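> Next one to model:
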Amino acid sequence: MKLELSHDVEADAWTVICDEARLTPGRGVAALLPDGRQAALFKDRAGRAYAIDNRDPFTGAQVLSRGLLGSAGGRPFVASPLLKQRFDLETGRCLDDDEVAVAVYPVRTTPRD
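Numbers count the residues shown, from 1 in each chain. Sure, this is the predicted structure:
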């Protein structure tokens, strides 16, 4: 199965990122999008895939793909490897600061060509 993410929902634009089997559950990878932005992709231990912006809004560094996965109240999150703020993988909302969020990208798997 291929893993794709939508970087432009209005245009229904999907980008193939990688073969789903290349993602290791519990770890993230960074992907360069066609517009120059970076996405952080994760697969949790249950096999669900998530994609958020890779840029840590607190430091400006492209590091969220290197964060630690966890859950709080049943919500999956990634903790920034720098200052440890946690970002909800489904909504992008920072769990430690209600004023901050990162972009979330829809993810889907499709059959290989």
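
> Angles on the backbone of residue 64, please.
According to degrees, to the nearest 10, the main-chain angles of residue 64 amount to phi -60, psi -30.

> do you know how far it is from residue 56?
6 Å (C-beta to C-beta, to the nearest Å). C-beta: built from backbone N, CA, C; applies to glycine.

> Give the residues shared as contacts by these two.
residue 80 (C-beta atoms under 8 Å, 6 or more residues apart in numbering).

> show me the contacts for residue 65.
28-30, 38, 40-42, 54.

> if you set the cut-off to 7 Å instead, what comes out?
Residues in contact with residue 65 (C-beta atoms under 7 Å, 6 or more residues apart in numbering) are 28-30, 40, 54.

> now residue 98
Taking C-beta under 7 Å, 6+ apart, one finds nothing in contact with residue 98.

> secondary structure class for it?
coil (DSSP: H, G, I helix; E, B strand; the rest coil).

> Which pLDDT value belongs to it?
Residue 98 carries a pLDDT value of 95.

> Kindly report the same for residue 17.
The model's pLDDT for residue 17 equals 89.

> which element is it on?
strand 13-19 (DSSP states H and E).

> next one: residue 4
Applying DSSP H and E, one finds residue 4 within strand 2-8.

> Between residue 64 and residue 56, which is the more surrounded one?
residue 64 (27 against 22; other C-beta atoms under 10 Å).

> so residue 41 sits right up against residue 28, yeah?
Yes - between residue 41 and residue 28 there is a contact under C-beta atoms under 7 Å: 6.3 Å.

> From residue 45, how far out is residue 27?
For residue 27, the distance to residue 45 - C-beta to C-beta - is 11 Å.
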